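> got a predicted structure plus its sequence, pasted below:
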Amino acid sequence: MTKHAHELQVGDEIEPKQFTISALLNQQCMFAQEDFHPRYLPRDDDEAEIVHPALVLQMLANTKSPSYHVPENVGAILAEAETTFVAPLRVGTRYTTRWTVDRTYTKRGKQYQEIRAQIADDAGSIHVRRTLQLAYIPKEDSSQ
């Protein structure tokens, strides 16, 4: 992607991000969140533990895309998000996050985008869907 994030238009796709959450990263997240629910811990059966939702939400941020960039004079703010967890992510499995711009609009003089994000496994099964409302705020010129 050669466009800055705030220049993307309806239908534009952001470069996808592939990732695998390790057991160590999942554990570090649990410590940071002080959340030690058994569902996030190693299991006795052959099924890998569930990835902590705090990590999942981080992987849905459009800033995780390898192509994400904004110019020096523009800030981006997550104004709103709605997330649907379809199936749990598992430690050690490779996933891909994809982002598509579904809508652009102006509100109170600020530029907004609605971006559809989703995480799928290598078989194409979607595990999480998220709608992001992003506001782009130009940096005010302090020299005036």
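Done, it's in.

> from now on I want contacts and neighbour counts done on CA atoms only, so please keep to that.
OK.

> what residue ranges in the protein score low on pLDDT?
Within the chain, the ranges that satisfy pLDDT under 70 run 1, 141-144.

> mind listing the helices for it?
Assigned by DSSP state H, the chain shows helices spanning 23-33, 53-59.

> how close does the most centrally placed residue in the chain sit to residue 42?
Ranked by distance to the mean C-alpha position of the chain (C-alpha atoms, centre = their mean), the top residue is residue 60 at 1.4 Å. To residue 42, residue 60 is 24 Å away according to C-alpha to C-alpha, to the nearest Å.

> do the same with residue 99
Distance check for residue 99 against residue 42: by C-alpha to C-alpha, it reads 31 Å.

> and the two? which has more neighbours close in?
A direct count of neighbours by other C-alpha atoms under 10 Å for residue 99 and residue 42 places residue 99 higher, at 24 against 15.

> bridged to the more buried one, which residues?
Going by DSSP bridges, residue 99 is paired in beta bridges with residue 14, residue 117.

> shouldn't residue 81 be in contact with residue 129?
No: between residue 81 and residue 129 no contact is recorded; they are 10.4 Å apart, counting by C-alpha atoms under 8 Å.

> could you check which of those two has the larger neighbour count?
Comparing residue 81 with residue 129 by other C-alpha under 10 Å, the one with more neighbours is residue 129, at 19 against 13.

> spit out the contact partners of residue 6.
Contacts of residue 6 were listed using C-alpha atoms under 8 Å, 6 or more residues apart in numbering, and they are 70, 111, 113, 136.
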